[in-house]
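Participant: starting from these lines, generate the structure:
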Amino acid sequence: MALAVTRVILRCEEAQETLALDLSECQLMQVPDAVYHLMRHTELKSCDLSGNVITKIPPKFAVKFSLITDLNLSNNQMAKLPDELCTLACLERLDISHNTFVALPRIAPQCPSLHTLLAHHNQIIEVDVDRLARSRALEFVDLSNNPIPPRTYDELKQLQHPKISLSEREKEEWEDLDI
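Facilitator: Predicted structure coming up:
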């Protein structure tokens with residue numbers, strides 16, 4: 001436990017120089033309050049929280065790290081994002097892959113600078129295709145390896161913008177039935 005705390009503190013100190021906070025593989029269940037305190041005078045550009053057991057990001061994350069351009073939340077246990085993340089005006093790349101999302105976060109198409117959204121390897125069955133299509137900033141969305149329903153899958157395939165990456169859809173057993 002003490003080793004994990006020391007690792008987090010050392011990485012925060014390093015981030016004060018590099019403006020890139022790497023808290024990947026730190027066995028975190030949440031972003032510790034100490035991190036916000038240690039980083040209060042640092043204008044972070046990127047944050048890597050991948051490979052932890054985080055279930056949610058608090059709304060204050062967006063307030064404290066408002067200049068972030070790259071946020072990696074992959075390989076955690078998250079199912080939703082706080083609405084406040086869409087206030088991250090500089091966020092360009094968001095990785096939420098390998099989590100437990102069942103719906104593509106509504107806030108993603110609203111982020112003003114977000115051009116890349118990686119959401120592969122989740123349980124996503126719900127996607128607001130119209131909202132995605134209306135997004136001005138989004139250029140690429142990776143939805144591969146998600147159980148996207150047939151109708152939504154077909155709608156996503158029709159989109160010209162943003163570019164959507166999908167896995168080849170395997171037909172459900174019932175779709176092959178000749179009735």
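
Participant: C-alpha from now on. contacts and neighbour counts both.
Facilitator: Will do.

Participant: find the centremost residue of this structure, please.
Facilitator: Using C-alpha atoms, centre = their mean, the residue of the chain that lies closest to the mean C-alpha position is residue 96, 2.9 Å off.

Participant: gap between that one and residue 118?
Facilitator: Spatial separation of residue 96 from residue 118 under the definition C-alpha to C-alpha, to the nearest Å is 6 Å.

Participant: just to revisit the earlier point, from what I can see the residue nearest to the centre of the chain touches residue 77, true?
Facilitator: No: the pair residue 96 / residue 77 is not scored as a contact, 9.8 Å apart, by C-alpha atoms under 8 Å.

Participant: and the helix or strand bottoming out on mean pLDDT in the chain, how far out from the chain middle?
Facilitator: The helix or strand of the chain with the poorest confidence is helix 2-18; it has a mean of 90 (mean pLDDT, DSSP states H and E). Computed by C-alpha atoms, centre = their mean, to the nearest Å, the separation of helix 2-18 from the middle of its chain amounts to 23 Å.

Participant: okay, buried residues for that helix please.
Facilitator: Within helix 2-18, the residues that count as buried by 16 or more other C-alpha atoms under 10 Å are 8, 9, 11, 12, 13, 15, 16.

Participant: need those residues in a markdown table with distance to residue 22, can you?
Facilitator: As requested, the buried residues of helix 2-18 are exported to a markdown table (distance: C-alpha to C-alpha, whole Å):
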| residue | distance to residue 22 |
| --- | --- |
| 8 | 9 |
| 9 | 11 |
| 11 | 6 |
| 12 | 8 |
| 13 | 11 |
| 15 | 8 |
| 16 | 11 |
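
Participant: ok, now which ones touch residue 112?
Facilitator: Residue 112 is in contact with 86, 88, 89, 90, 91, 136, 137, counting by C-alpha atoms under 8 Å, 6 or more residues apart in numbering.

Participant: could you dump those to TSV with neighbour count and pLDDT?
Facilitator: Supplementary listing: the contacts of residue 112 in TSV, determined by neighbours: other C-alpha atoms under 10 Å; pLDDT from 0 to 100:
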residue	neighbour count	pLDDT
86	20	90
88	21	94
89	17	94
90	17	96
91	23	97
136	16	89
137	19	94
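
Participant: now the end-to-end length of stretch 144-153.
Facilitator: Using C-alpha to C-alpha, the end-to-end distance of stretch 144-153 comes to 11 Å.

Participant: er, stretch 53-71 I mean
Facilitator: Comparing the first residue of stretch 53-71 with its last one, the separation is 16 Å (C-alpha to C-alpha).

Participant: no more questions from me, cheers.
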